[in-house]
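Undergrad: quick one, fold the following:
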Amino acid sequence: MNIWGQIITFIVFLNTIVAIYTVFHEKRDVTATWAWLLTLTMLPVVGFVMYFFIGKKMAADHIYDLKTQKSLGMSELAEFQKEMLEEEEFDGADPEEEYRVTTAILLLESNESILTRGNKVEVITDGEEKFNRFIDDIRNAQEHIHILYYTFRSDALGHRIMEALEERAAAGVEVLVVYDALGCRGNDRKFFDRLESLGGQAKVFFGSRIPFVNLRMNYRNHRKILVVDGKIAYMGGFNIGDEYLGLGPLGNWRDTHLRIQGNAVLTLQSRFFMDWNAVVSESERVKYEDRYFPISPKMGDTTMQIAASGPENDIQAIKMGFIKMISQAKKSIYIQTPYFIPDMSVHEIIEVAAMSGVEVNIMIPCKPDHPFVYRATEYFAKDILEAGANVYIYEDGFFHSKVMVVDDEISTVGSANMDVRSFRLNFEINSFIYDETIAEELVMNFKRDIKKSRKLDLEYFEKQSKWRKFKQQFSRLLSPIL
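TA: Here you go, the predicted model:
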């Protein structure tokens, strides 16, 4: 063997040893471990660059800081509610009520997700409607506005919202903003300056001290929350930016958001403060004050819980809520997600439902915004189709809605996609809604979307090129780290 052969052999050997040490040095899910080992071994230089930016786990000190942000008086209430629900006697003639209660107990146990009743929930699927009402509610704020968004663009829509925030800050209203560094990459760095000069505050989530470079690509705050005066809240899939009005390169934008009134708003208020306190100095942290948590009279008929999950907690509460809903389905499941890359536990429970005679319907986009992610989505869509599910691709622009409905009884809407990243890596927030009227409205929206969709069959996948099938297989191998 010549000198170059020896050098290459040594580099391959050294790369393999370093890859094994790097991956096994940190405790992580088995599938993610093997995916990273494959990446580091097959892509010696590129793989380590990828790992440096997106593979490293959150440092223990960051996890500790986030875990110490208590839910502002919610823990005791969660324990009390769990005890009350466990004492309820189920009527054997009404099994639907039993699975609603057991889901509620699961979320209380795993996430201290307070169960609130008498809420008014409005489903919004149109970007123009959402942001017009969003801005109106901001302009009507009297005491405080708290906003946390993964993406808050400094474009035309972003400036409309910023002008409303600046107006209220100038009027003495407390305005607190949290935005994600990666979600807002490319923003004008002076975007928040005037708001802060008027007394508002804007803080970046996991930002970088190095201009234009963020070494923490994972662990993003993907939540979307607005709370106005502790009385009105928004949450769901829409970010803030022109593309969410259908004005971006992906064309028309289909999404789902909720406008909430009632005591569920208080749980979103608590969640905002936990995230706020995680990114500010100790002197800037918010403490409990009655003015932030006004108790609401009955506003509607909806019972719901707000669940959050993130890498600071080993319990994947939102995923567990998904699994609980799917496992108890008797008639139908409707899933809308832009990224369908379930981990093994979710994938298998959906397969079991489909193969047990439950009508499983899944809707995904017809076009990618992330190529590897979309090819993995195609792979899992084909897999679940073979198990007996119905799969639709939405063809009227980009599809970004994150919704699941089971048996027209229980539903979930939020920021979490049906993918590994949302389950394990991102900070997400979802509502779990126990209201047949809301569930039926979401199913109606799904059926209306079918009219703009194509129902897939196995022939659709069989006709694809060998290259495309290879990309799907390859992306599937990387799915634990996508």
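
Undergrad: domain ranges for the protein?
TA: According to automatic domain parsing, the chain is divided into the following domains: 3-57, 64-309.

Undergrad: of those domains, which shows the lowest average pLDDT?
TA: Lowest mean pLDDT within these: domain 3-57, at a mean of 54.

Undergrad: where do the strands sit along the stretch 151-300 of the chain?
TA: Remark: strands assigned in the stretch 151-300 of the chain by DSSP state E, counting those that start in this stretch are 174-180, 201-205, 224-228, 232-236, 253-254, 257-261.

Undergrad: show me which of those has the highest average neighbour count.
TA: Across the strands of the stretch 151-300 of the chain, the average number of neighbours (mean count of other CB atoms under 10 Å) peaks for strand 232-236, which reaches a mean of 26. No exception for glycine: its C-beta is placed from N, CA and C like everyone else's.

Undergrad: packing partners for that strand?
TA: For strand 232-236, the elements it packs on are helix 127-139, strand 224-228, strand 257-261, helix 264-279, strand 410-414, judged by 3 or more CB pairs under 8 Å, 6 or more residues apart in numbering; DSSP states H and E.

Undergrad: which other residues reach the last one?
TA: Counting by CB atoms under 8 Å, 6 or more residues apart in numbering, strand 410-414 makes contact with 99-100, 103, 123, 235-237, 256-258, 318, 321-322, 325, 402-405, 428-435, 438-439, 442, all of which sit outside it.

Undergrad: start to end distance for stretch 283-301?
TA: One end of stretch 283-301 sits 40 Å from the other (CA to CA, to the nearest Å).

Undergrad: what comes into contact with that stretch?
TA: With CB under 8 Å, 6+ apart as the contact definition, stretch 283-301 has outside contacts at 72-73, 117-121, 143-144, 176, 201, 229-231, 261-263, 265-266, 269-270, 273, 276-277, 435, 437.

Undergrad: go on, stretch 449-461?
TA: By CB under 8 Å, 6+ apart, the residues outside stretch 449-461 that reach it are 254, 336, 363, 366, 378, 381-382, 385-386, 390-396, 399, 469.

Undergrad: what comes up buried for that stretch?
TA: Across stretch 449-461, burial judged by 16 or more other CB atoms under 10 Å covers 449, 453, 456, 460-461.

Undergrad: do the same with stretch 150-162
TA: Residues 150-155, 157-158, 161-162 are the ones in stretch 150-162 that count as buried (16+ other CB under 10 Å).

Undergrad: repeat for stretch 361-371
TA: For stretch 361-371, burial by neighbour count (16+ other CB under 10 Å) applies to 361-366, 368.

Undergrad: now stretch 135-148
TA: Neighbour counts using 16+ other CB under 10 Å place 135, 137-138, 141, 144-148 of stretch 135-148 among the buried residues.

Undergrad: surely Ile438 touches Thr256?
TA: No: at 11.2 Å, Ile438 does not count as touching Thr256 under the criterion of CB atoms under 8 Å.

Undergrad: so between the two, which is more surrounded?
TA: Set Ile438 next to Thr256 and count neighbours by other CB atoms under 10 Å: Ile438 wins out with 24 against 20.

Undergrad: doesn't the more buried one lie inside a helix?
TA: Yes: using DSSP: H, G, I helix; E, B strand; the rest coil, the assignment for Ile438 is a helix.

Undergrad: show me the buried residues of stretch 361-371 that map onto strands.
TA: Judged by DSSP state E, the buried residues of stretch 361-371 include 361-365 as members of strands.

Undergrad: how about those in a markdown table, adding distance to Arg194?
TA: Formatted as a markdown table, these follow (distance: CB to CB, whole Å):
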| residue | distance to Arg194 |
| --- | --- |
| Asn361 | 47 |
| Ile362 | 44 |
| Met363 | 41 |
| Ile364 | 40 |
| Pro365 | 36 |
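
Undergrad: between those residues, which is nearest Arg189?
TA: Taking CB to CB as the measure, Arg189 sits nearest to Pro365 out of these, at 31.6 Å.

Undergrad: show me what contacts the closest one?
TA: Neighbouring residues of Pro365 by CB under 8 Å, 6+ apart: 338, 374, 393-394, 398-400.

Undergrad: give me that answer again for 6 Å
TA: By CB atoms under 6 Å, 6 or more residues apart in numbering, the residues touching Pro365 are 338, 394, 398-399.

Undergrad: if I look at Tyr244, how far off is Ile232?
TA: As judged by CB to CB, to the nearest Å, Tyr244 and Ile232 stand 20 Å apart.

Undergrad: now Met304. Nearest residue, chain neighbours left out?
TA: Ile433 (4.6 Å; CB to CB, 6 or more residues apart in numbering).

Undergrad: likewise for Asn417?
TA: Leaving aside its sequence neighbours, Asn417 sits nearest to Tyr339 (CB to CB, 6+ apart; 4.5 Å).

Undergrad: you'd agree the one you found is up against Asp419?
TA: Yes: the pair Tyr339 / Asp419 is scored as a contact, 4.3 Å apart, by CB atoms under 6 Å.

Undergrad: specify the beta-bridge partners of Leu258.
TA: Note on Leu258: beta-bridge partners by DSSP bridges are Val123, Met235.

Undergrad: now for it: which residues touch it?
TA: With contacts defined as CB under 6 Å, 6+ apart, the neighbours of Leu258 are 121, 235-236, 413.

Undergrad: go again using 10 Å as the cut-off
TA: 119, 121-124, 130, 233-237, 264, 302, 304, 413-414, 431, 433, 438 (CB atoms under 10 Å, 6 or more residues apart in numbering).

Undergrad: and the gap between it and Lys402?
TA: For Leu258 relative to Lys402 (CB to CB), the value is 11 Å.

Undergrad: any residues in contact with both of the two?
TA: Residues touching both Leu258 and Lys402 (CB under 10 Å, 6+ apart) are 236-237, 413-414.

Undergrad: can you pick the most crowded of those residues?
TA: Each of those was scored by neighbours using other CB under 10 Å; the highest score is Gly414's, at 29 neighbours.

Undergrad: burial of the closest residue in space to that one that isn't next to it in sequence, as a residue count?
TA: Closest residue to Gly414 apart from its sequence neighbours, by CB to CB, 6+ apart: Asn430 at 2.9 Å. Neighbour count of Asn430, defined by other CB under 10 Å: 29.

Undergrad: what's the helix or strand for Asn430?
TA: Assessed by DSSP states H and E, Asn430 sits inside strand 428-434.

Undergrad: picking that back up, so what sits against both of Tyr339 and Asp419?
TA: Residues touching both Tyr339 and Asp419 comprise 373, 376-377, 380, 482, with contact defined as CB under 10 Å, 6+ apart.
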